[in-house]
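Trainee: no sequence for this one, just the structure:
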Ligand SMILES: Cc1cc2nc3c(=O)[nH]c(=O)nc-3n(C[C@H](O)[C@H](O)[C@H](O)COP(=O)(O)OP(=O)(O)OC[C@H]3O[C@@H](n4cnc5c(N)ncnc54)[C@H](O)[C@@H]3O)c2cc1C
Ligand SMILES: Nc1ncnc2c1ncn2[C@@H]1O[C@H](COP(=O)(O)O)[C@@H](O)[C@H]1O
């Protein structure tokens, strides 16, 4: 039995989510190999080879993978798939694009967003916005799995001694062409990897107020910043801030929800945080049902006070 | 060109489902069912493309129990021209749905299939990508903006770090994100009109597709309950708790 982890990377380094997937692969048991499909991606492959538990890295280095498009990535995975019983990818925008294509090309089911490995065939995954956990058993000969990063500790970035092996790259599919990317620039920690998150909702009222009120708090705590969908929809912040069932899943040590009511779709994305603080003027807001510490009051007074006192 | 829009009937997003006492599943008897919100967005987008004369016909398709007809009527009330039901009582998993949809694509030859990015019951986020793979087509998932010109769709996608724009060759698959559009309300006259629109019914066997599930659900559990904590009196009390009790700052 051997597991293939589809690395998410930026050619030069691994994305943090890849480390969580490697842990999930280790939990399944057997060898753990990592596929790096990229362009001039030797550095990412070398980094993968150092990760604890990895015994081999397959590097498919080709211009076809320069923009990490899913059509070519999936074809690359299928080209090396024969040796593996399990194929795993992170449940991120990248992994969600590639893994189902791989599964369909292999005529296998995919098990999405696992949070626990029971055994080599059996996994636990949330359904209905995390309101239920399903234990599912696969009857397929190859398991294609995506992994929820927050549910598995990151594998150590050192300690491994994997060999990097070059594999033949597939041709560019030509089905899609990368045009441009508008990536949000931020000095802050990445949302899904942050220890502390300050998150704002519709209660902030506007983008200006969101920044004016929450930025000083996030600065003090060296926190990442998140948002509810309502705040994103209203244009307060870009879409990549969204936490929830259909946004990002986070589980920091401390999550501070400000002016967020606590709809089930939002809770789905943050209720595994270690400590939750809610600041809301409505004492009956559902967010208080999951908050360890609730402060009922006007956020425009409470947050500046909090900043001043920290 | 034709656009095919697969729509799924799911438990309404406002319903908080309960796990059955015997842990065999969630209790969906007598709960409100609706069209998956991402599918509504897909229908709206397709209808807008027809209104802009990019598309000539919008066909809604659903796979599942006989009640999916309601979901299809709803899609036609938003503006789909006709509908196809693939009727079965078997529990359908995304790979099976993708195979059924491929059979319909082979019949109808659409240039574009617009699906939701995710069904809010199984939270699988697979079907569109699987269908793209089975057809050998390109895909643009998590779309927040779609422009079609000639044989190319230019799609802005919501990705983890922000947004990305790709150009995909038609025929192709698009899956919708929440900010792509805001679906219109179905008006009463349009609901009435939808009742008279064409709805064809097939069985999976008619399409030659084996829909046997590959995954078995062994049990379904309630997630661990979070203990609702305490309300603190003021900011000073909050800081004290965070420093001395939770020790997170
Ligand atoms: C298919 C689907 C998927 C979805 N996915 C997501 C998702 O991934 N993530 C997500 O977040 N949502 C998601 N939603 C939306 C979700 O249902 C809610 O609409 C949303 O989370 C509400 O955001 P909110 O709490 O900011 O706004 P509201 O519910 O309007 O709450 C605002 C809160 O601010 C408080 N407030 C107002 N003023 C003040 C003040 N001065 N001081 C203190 N408190 C104040 C109010 O008391 C209220 O509780 C989804 C919805 C659908 C249909
Ligand atoms: N039974 C079904 N009938 C029609 N369309 C479906 C069905 N299941 C899934 N889909 C489509 O696939 C999308 C993603 O679903 P999923 O992969 O299950 O998360 C949905 O938004 C629908 O557009």
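Mentor: Yep, that arrived. Since we're looking at a predicted model, the values are computed, not measured. Ligands and ions are numbered 1, 2, ... in the order given.

Trainee: tell me which other helices or strands the longest helix anywhere in chain A touches.
Mentor: As assigned by DSSP state H, the longest helix anywhere in chain A is helix A:207-221. Applying 3 or more C-beta pairs under 8 Å, 6 or more residues apart in numbering or on different chains; DSSP states H and E, we find helix A:207-221 packed against strand A:196-200, strand A:224-227, strand A:254-258, helix A:299-309. No exception for glycine: its C-beta is placed from N, CA and C like everyone else's.

Trainee: got a list of what the residue of chain B found nearest chain A touches?
Mentor: Chain A sits closest to residue B:138 of chain B, with a gap of 3.2 Å, by C-beta to the nearest C-beta. Neighbouring residues of residue B:138 by C-beta atoms under 8 Å, 6 or more residues apart in numbering or on different chains: A:71, A:173, A:175, A:176, B:132, B:168, B:169, B:172, B:173.

Trainee: distance of the third one relative to residue B:170?
Mentor: Going back to what we said before, that points to residue A:175. 10 Å (C-beta to C-beta, to the nearest Å).

Trainee: so the two - more neighbours on which side?
Mentor: residue A:175 (20 against 15; other C-beta atoms under 10 Å in any protein chain shown).

Trainee: what sits against that one?
Mentor: A:71, B:136, B:137, B:138, B:139, B:168, B:169, B:172.

Trainee: also residue B:224?
Mentor: Contacts of residue B:224 (C-beta under 8 Å, 6+ apart): none.

Trainee: can you confirm it is in a strand?
Mentor: No. Counting by DSSP: H, G, I helix; E, B strand; the rest coil, residue B:224 is not part of a strand but coil.

Trainee: does stretch B:147-160 come close to ligand 1?
Mentor: No. Counting by C-beta under 6 Å from any ligand atom, no contacts exist between stretch B:147-160 and ligand 1, the nearest distance being 11.4 Å.

Trainee: could I get the average pLDDT for that stretch?
Mentor: Stretch B:147-160 carries an average pLDDT of 96.

Trainee: which residues sit against that stretch?
Mentor: Against stretch B:147-160 from outside (C-beta under 8 Å, 6+ apart): A:92-94, A:179, A:181, A:192, A:239-240, A:248, B:49, B:54, B:112, B:140-146, B:163-170, B:172, B:174, B:177, B:179.

Trainee: go again with 6 Å.
Mentor: A:92-93, A:239, B:54, B:140, B:142-146, B:163-168, B:170, B:172, B:177 (C-beta atoms under 6 Å, 6 or more residues apart in numbering or on different chains).

Trainee: again with stretch B:94-112
Mentor: Against stretch B:94-112 from outside (C-beta under 6 Å, 6+ apart): A:109, B:1-4, B:6, B:61, B:63, B:86, B:124, B:126-127, B:130-131, B:134, B:170-171, B:207, B:209, B:211.

Trainee: repeat for stretch A:213-224
Mentor: Contacts for stretch A:213-224 (C-beta under 6 Å, 6+ apart): A:188, A:189, A:191, A:194, A:196, A:197, A:198, A:200, A:225, A:303, A:307, A:310.

Trainee: got a quick PyMOL command for the buried subset of those?
Mentor: With 16 or more other C-beta atoms under 10 Å in any protein chain shown as the criterion, this PyMOL line picks the buried residues out of these:
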select buried, chain A and resi 189+191+194+196+197+198+200+225+303+307
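
Trainee: nearest to residue A:79, of the contacts of stretch A:213-224?
Mentor: Taking C-beta to C-beta as the measure, residue A:79 lies nearest residue A:191 of these, at 33.2 Å.

Trainee: test my guess that that closest one contacts residue A:248.
Mentor: Yes. The pair residue A:191 / residue A:248 is scored as a contact, 5.4 Å apart, by C-beta atoms under 6 Å.

Trainee: from residue A:30, how far off is the nearest residue to residue A:85 once chain neighbours are set aside?
Mentor: Counting by C-beta to C-beta, 6 or more residues apart in numbering or on different chains, residue A:85 lies nearest to residue A:1, which is 4.7 Å off, once chain neighbours are set aside. Here residue A:1 is placed at a distance of 4 Å from residue A:30 (C-beta to C-beta).

Trainee: now swap in residue A:53 and tell me
Mentor: 11 Å.

Trainee: neighbour count winner among those two?
Mentor: Taking neighbours as other C-beta under 10 Å, residue A:53 and residue A:30 compare with residue A:53 leading, 20 against 15.

Trainee: what about the more buried one, which helix or strand?
Mentor: Following DSSP states H and E, there is no helix or strand that holds residue A:53.

Trainee: report the contact partners of it.
Mentor: So, once contact is read as C-beta under 6 Å, 6+ apart, residue A:53 ends up touching A:22, A:26, A:32, A:155.

Trainee: which one of those sits in the busiest neighbourhood?
Mentor: residue A:22 (30 neighbours).

Trainee: what helix or strand is it on?
Mentor: helix A:16-28.
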